[in-house]
Structure formats: structure tokens, C-alpha cells
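**Q** coordinates for the following, if possible.
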Amino acid sequence: MAIIEAKNLTYTYPGGTQPAIKGVSLTIEKGDFVILTGPSGCGKTTLCRCFNGLIPHFYAGRLEGELKVAKLNVTESPIYEMACHVGLVFQNPENQLFALSVEKDVAFGLENLGMPRDEIRKRVDWALQMTDIEELRERAPHELSGGQQQRVAIACVLAMQPEVMVLDEPTSFLDPLGAQKIFEVISELNRQLGITVILVEHRLDLASKHANHVVIMDERTIVLDDKPREVFDSESARLIGVGIPKATKLWQMLRQNGIRLDRAPVNSEEAIQLLRGVLKRDRG
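**A** Numbers count the residues shown, from 1 in each chain. Alright, predicted model coming up:
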């Protein structure tokens, strides 16, 4: 079942001389874990703003084409209605954390929806538990590390229990270990709760093992849209210059030297298993 359907979507910011995205057509199924990547300035963030209704309701401008998210027509549905279905985690968590405590930040969206106090308390407790930050409940967000702040930002969105979670480069301020932990949290939410995840990310080595769908944008439109293995092993991905996982690059080098693996790996774990299979076969 498709949860996001975009057809020939084109958007131009107010005062813009050319579209920020043009002719975007995309289908995302419910429960997918999607990596959205591409060179800087290709339109990834703009597309994410369309998914939750910030475009066209907040940024105005001119939006053409069709976009349905969770069966809602984005151009006809107000932001507060879209917020019940789509949660957006910003690139910089400090942009969405402003309360005096973590608990109050997580409760903020629910309070704006006018939920009963008991339900708010229940959802806040649950979101803090799911993101493993219960001990930070009374801490001030500005006192936390970057990784902790990112978990709080995810908890704020998660408490709303959206069908779709959009994360715009959530690990850009983190070291590799911190990024890996964030990806694991997101992947767990995707698997346990069936939340559709759209992850804008350049660290494909770390993120690729969690995804079942990869979309690459270039020149403000979608140029590749397929399963991770097919996308990362394509010549087009290499020419665009996205950070193809090192495991896939290794497979391509081995193939050029006459060493064949059953399939192209998209992460280090797959590469190790495939190489062990080759060694076992050769020894046999």
C-alpha cells in the first residue's frame, strides 16, 4: 500500500527564478525504510518539506503536480492535519528544541493537538523509553550532547505517533559511532512499529544496511529509484558522485579483476559473508 504518491511534482520558492524540484514522481510503500540522497542543492530538503505540508502552506511559492501522503492531498490539507501523519526531524536538533526540559519538549506537539493530560503523559513516557533517554527527562536540552539532542528530537516526533517519519540528515553533527546509534534507533522504530522512514543521508556506509529503498536526486529531480543493491551498483550512481558504500565499491573492484560474488553487497556485513563464501568455494 502506497503511503506517499508524488506525480510530476514541481516547486518554485517565492522569488525563485527556477524550480527547486522539478518533475518529481515517486511512490513510497507503507513500512518502507527509504534513503534519500544526492549532491548538495539537488532538492532533497525541499522535497521533505512537501511531505509534511510546509510546502506550500508555510513557504508559499508555486507548487505544481500531485502529492498525496497518508491518503491526504497535501495542497488541500492544513499543516496541523499533516502533522498528525508526518513527523519531520530537522538537520540541526537545536532548531526544534526550546523548552526548559526534555519532557516538556516531547510533550509540546501533543499539547498543541489538545490531547488529554493522561494520554500526553503516556505517550511521552513511551517515546522516551523507545529512544532510550528516560534518564534525561528533567535535563535541559541545551545541556545535552549532539547525539542526545538528536534522540530527543526523534522522541518529540515519535510521541505524535506519525505514520511517516522524515529525517533530514539527522547525523550531520555526530561522529560515526553516534551516527550508528541513531540509525539503529530509527531502524528499530521502523521494524517494531511499522513507521515509514525517509532518511536524507550522505553516510551511506552506515545507513545502507537498514534501508530497503534508495532514491537519488540530481539537478532537482529523481534520477534513480530502486532497491539499494540495484541503485548502488549502477554506473549512474557513480557518475553522480554520491557516496556509494565501500562494500559495493570493493565488489566492483573484485569484479574488474575477475572475482565474482553472488551479488553486490551494500554493507560490510554482507561483504564479509560473501567473501567468506568465495574463500570456502576456492578451498573446496
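**Q** can you tell me the SS state at the residue nearest the centre of the chain?
**A** Among the residues of the chain, residue 199 comes closest to the average C-alpha position under CA atoms, centre = their mean, at 1.3 Å. Secondary structure state of residue 199, per DSSP: H, G, I helix; E, B strand; the rest coil, is strand.
**Q** ok, it touching residue 172?
**A** No: checked against CB atoms under 8 Å, the pair residue 199 and residue 172 is beyond contact range at 12.0 Å. All C-beta atoms are positioned from the backbone trio N, CA, C, and that covers glycine.
**Q** domain ranges for the protein?
**A** The chain is divided into the following domains under automatic domain parsing: 1-85+162-243, 88-161, 245-284.
**Q** with mean pLDDT added, can I get those in TSV?
**A** Output for those, formatted as TSV (pLDDT from 0 to 100):
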stretch	mean pLDDT
domain 1-85+162-243	92
domain 88-161	92
domain 245-284	77
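**Q** the stretch 151-284 of the chain: helices as residue ranges?
**A** 176-193, 204-207, 228-232, 235-240, 246-256, 268-283 (DSSP state H, counting those that start in this stretch).
**Q** got the buried residues for the fifth one?
**A** Pointing back at helix 246-256 there. The neighbour-count check on helix 246-256 (16 or more other CB atoms under 10 Å) flags 247, 248, 249, 250, 251, 254 as buried.
**Q** what's in contact with that helix?
**A** The contact list for helix 246-256 (CB atoms under 8 Å, 6 or more residues apart in numbering) reads 205, 232-233, 260-261, 264-268, 270-271, 274.
**Q** related to what we said a few turns ago, ok, so of the buried residues of helix 246-256, who is nearest residue 54?
**A** Among the buried residues of helix 246-256, residue 248 lies closest to residue 54 (CB to CB), at 33.7 Å.
**Q** for the closest one, which non-adjacent residue is closest in space?
**A** residue 232 (4.5 Å; CB to CB, 6 or more residues apart in numbering).
**Q** quick one: the one you found and residue 214 touch, right?
**A** Yes: between residue 232 and residue 214 there is a contact at 7.1 Å, judged by CB under 8 Å.
**Q** between these two, which one's more packed in?
**A** residue 232 (29 against 25; other CB atoms under 10 Å).
**Q** how near is that one to residue 205?
**A** Look at residue 232 and residue 205: by CB to CB, to the nearest Å, they are 11 Å apart.
**Q** give me the common contacts of the two.
**A** residue 245.
**Q** one step back: among the helices of the stretch 151-284 of the chain, which is nearest residue 145?
**A** From the helices of the stretch 151-284 of the chain, taking CB to CB, the stretch that ends up closest is helix 176-193, at 8.0 Å.
**Q** touching stretch 170-188 from outside, list them.
**A** By CB under 8 Å, 6+ apart, stretch 170-188 touches 33, 89, 91-93, 130-132, 145-147, 150-151, 153-154, 165, 167, 197, 199, 201, 203, 206-207, 210.
**Q** cool, stretch 141-157 as well?
**A** 87-90, 93-94, 96-99, 101-102, 105-106, 108-109, 127-128, 130-133, 136, 165, 167, 170-171, 173-174, 178, 181-182, 185-186, 189.
**Q** got a quick ChimeraX command for the buried subset of the residues you listed?
**A** Buried residues among the contacts of stretch 141-157 (16+ other CB under 10 Å), as a ChimeraX selection:
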select :87,88,89,90,93,96,97,102,105,106,108,109,127,128,130,131,133,136,165,167,170,171,173,174,178,181,182,185,186,189
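**Q** about what we covered before: residue 10: which of the helices of the stretch 151-284 of the chain is closest?
**A** Among the helices of the stretch 151-284 of the chain, if distance is taken as CB to CB, the winner is helix 235-240, at 20.6 Å.
**Q** for residue 48, pull up the helix or strand it's in.
**A** Residue 48 is part of helix 44-51, with elements assigned from DSSP states H and E.
**Q** which elements pack onto that helix?
**A** strand 2-12, strand 21-29, strand 33-37, strand 62-69, strand 86-89, strand 164-168, strand 196-200 (3 or more CB pairs under 8 Å, 6 or more residues apart in numbering; DSSP states H and E).
**Q** can I get that helix in PDB, CA atoms only?
**A** Below are the C-alpha coordinates for helix 44-51, written out as PDB (Å, rounded to 0.1, in the frame of the first residue of the first chain):
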ATOM      1  CA  LYS A  44      16.200  16.800  -1.000                       C
ATOM      2  CA  THR A  45      15.200  19.200   1.800                       C
ATOM      3  CA  THR A  46      12.600  20.900  -0.400                       C
ATOM      4  CA  LEU A  47      11.000  17.500  -1.200                       C
ATOM      5  CA  CYS A  48      10.900  16.700   2.500                       C
ATOM      6  CA  ARG A  49       9.100  20.000   3.200                       C
ATOM      7  CA  CYS A  50       6.500  19.000   0.700                       C
ATOM      8  CA  PHE A  51       5.800  15.700   2.500                       C
END
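**Q** if anything else comes up later, I'll come back, but that's it for now.
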